[in-house]
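In: Requesting a structural model of the entry that follows:
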Amino acid sequence: MLRRLLGFNLFWRTFAWLALLLAGTGVAWQVAFRALESEPRALQAAQQLGDMVVLARTALSQVEPIQRLVLIKSLGRDASIRVQVAELRDDWRTYDQDPFARQVALALQQRLGQDTFVARSVNGQGGLWVRFMAGRDAFWLRAEEPQAHLGISKAWWLLIVLAGTLLGSALIAGLINRPLRALSIATHRIKEGEYDSRLDEHTLTNEIREVNRGFNRMARVLAKLEQDRAVMMAGISHDLRTPLARLRLEAEMSVHDEEARNAMAQDIDQLDAVIGKFMDYARPGELQTQSLSLIEAVEREAASFRDPSQIRFRIRVLPSLKVKGDPTELSRVLQNLFENARRYGHQKDQPARVDVMATAKGDEVILTVRDHGPGVSPAILSELTKPFFRGNTARTAASGSGLGLAIVEKSLARMGATLEILNAESGGLVSRLRLLRAE
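Out: Numbers count the residues shown, from 1 in each chain. Model (predicted):
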């Protein structure tokens, strides 16, 4: 799931990369800051501690040995500083557990002399211990260990970096994604035939402003083309069908030969059907997606083919199957598939036999329409849905418009469905429709 989001969703992909960049930058900045801060703090700590050692050594050197115990007790009243006499049996550990401690110890030795020892514990008592000489006697001065870094604890620092990274990444990703999201929505509306989509042409970003202006110009041109196309199609339909109606009337009244009159009527009906195909392919229509009973739609369109001498159906669709779609588009799809099977899916002098089956698979309903005709060459299966394409002679008739399967594919795409065409193993053509399932 995360891989899909990062791979296909621009907001989350941008957010992830920005979060990684900012988090890495924050960690790198912290490491660099601590590395640069370590040496100055070590020198500062060594300077302060060295001053205390010098003061203690001067004070102890100026008094008599018998009075040193009194002075040592007075110095020990401050809990943060303690002085005691060094003995040969003292057990102490070198103050070199990390680079910062080694820097402090080296700075103290440079300040106080090479005979100075720095320890992190003496006789099991922790702290920063400095061994120095006052006259002939050796003493230990204990102070609190200096902190390597200023500021808040590591845990709080990581939480602040994480929170700042997430908030900053979300803000930046949102700012980047917002105009692209608006462009995506507007493009989707254009695809659905809503040409009134407009994008903000006054945004502050120059590149986005130019893209929005170009998109709005394109939308206006498409709207004008769509308006001209609608007027042209309406005119073509009217101008062609009016003379066809007159021709039919004249044929009925003037031609006395019944066979010739029927042939002329069939030619006129064929021309009218071809015009209807062109109109169906060019007409966008408005989708009214709803839950549809698949068996009712199939039986209704199959019933319109009333001549059993031309086509016969065998329908196996469960009454409970429902699909999402537009009733007009679904009727158009089934009508074209059945008409295609009636024309081309029959053997010589036999009616076309059409099997209609449906199965539910996940969130899809797979509707299969199969005829028992000669099929087509596998090399041209992918070409059958192209407008005006005609297959081989086994499945081609002069009366066709070459738009039936193109209309099917276009109508299915508008409903979010797909079409697959293949040859059946035992002969015939199979049209497999993947429709969206409705509850």
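
In: tell me the mean pLDDT over stretch 259-275?
Out: Taken as a whole, stretch 259-275 has an average pLDDT of 70.

In: Output the longest helix belonging to this structure.
Out: In terms of residue count, the longest helix belonging to the chain (DSSP state H) is helix 10-61.

In: Report the angle between the very next helix or strand once past it and helix 10-61.
Out: Counting by DSSP states H and E, the next helix or strand C-terminal to helix 10-61 is helix 68-75. Computed by axes from the mean of the first three to the mean of the last three C-alpha atoms, to 10 degrees, the angle separating helix 68-75 from helix 10-61 equals 150 degrees.

In: Quick one: mean pLDDT for the longest helix of the chain?
Out: 73.

In: just checking, what packs against it?
Out: helix 2-8, helix 68-75, strand 81-85, helix 99-112, strand 125-134, strand 137-143, helix 154-191 (3 or more C-beta pairs under 8 Å, 6 or more residues apart in numbering; DSSP states H and E). C-betas here are computed from N, CA, C, even on glycine.

In: Partner strands of the helix or strand following the shortest one and their direction?
Out: Just to be clear, that refers to strand 81-85. Next helix or strand after strand 81-85 toward the C-terminus (DSSP H and E): strand 92-94. Strand 92-94 has the following sheet partners, assigned by DSSP bridges: strand 117-122 (antiparallel).

In: Report the angle between the longest helix of the chain and helix 154-191.
Out: 160 degrees.

In: give me the number of residues near Leu55?
Out: Residue neighbour count, defined by other C-beta atoms under 10 Å, stands at 12 for Leu55.

In: how much space is there between it and Gln110?
Out: 18 Å (C-beta to C-beta, to the nearest Å).

In: picking that back up, so which of the helices and strands packed on helix 10-61 gets nearest Gln350?
Out: Closest of those to Gln350 is helix 154-191, at 43.7 Å (criterion: C-beta to C-beta).

In: Distance from the very next helix or strand once past the closest one to the middle of the chain?
Out: Going down the chain from helix 154-191, the next helix or strand is helix 206-254, by DSSP H and E. Remark: helix 206-254 is offset 37 Å from the chain centroid, using C-alpha atoms, centre = their mean, to the nearest Å.

In: Can you list the helices and strands that helix 206-254 packs against?
Out: helix 154-191, helix 258-282.

In: Can you give the domain ranges for this protein?
Out: Domain assignment for the chain by automatic domain parsing gives 2-143, 210-284, 290-437.

In: Can you lay out those as CSV showing distance to Leu167?
Out: Formatted as CSV, these follow (distance: least, C-beta to C-beta, whole Å):
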stretch, distance to Leu167
domain 2-143, 10
domain 210-284, 28
domain 290-437, 37
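
In: what's the most buried one of these?
Out: Most buried of the domains of the chain by mean neighbour count (mean count of other C-beta atoms under 10 Å) is domain 290-437; its value is a mean of 17.

In: So what would you say the end-to-end distance of that one is?
Out: 11 Å (C-alpha to C-alpha, to the nearest Å).

In: where among the helices and strands packed on helix 10-61 is the average confidence lowest?
Out: For the helices and strands packed on helix 10-61, the bottom mean pLDDT is recorded on helix 2-8, which sits at a mean of 46.

In: wait, which of the helices and strands packed on helix 10-61 is closest to Asn206?
Out: Using C-beta to C-beta, these put helix 154-191 closest to Asn206, at 12.0 Å.
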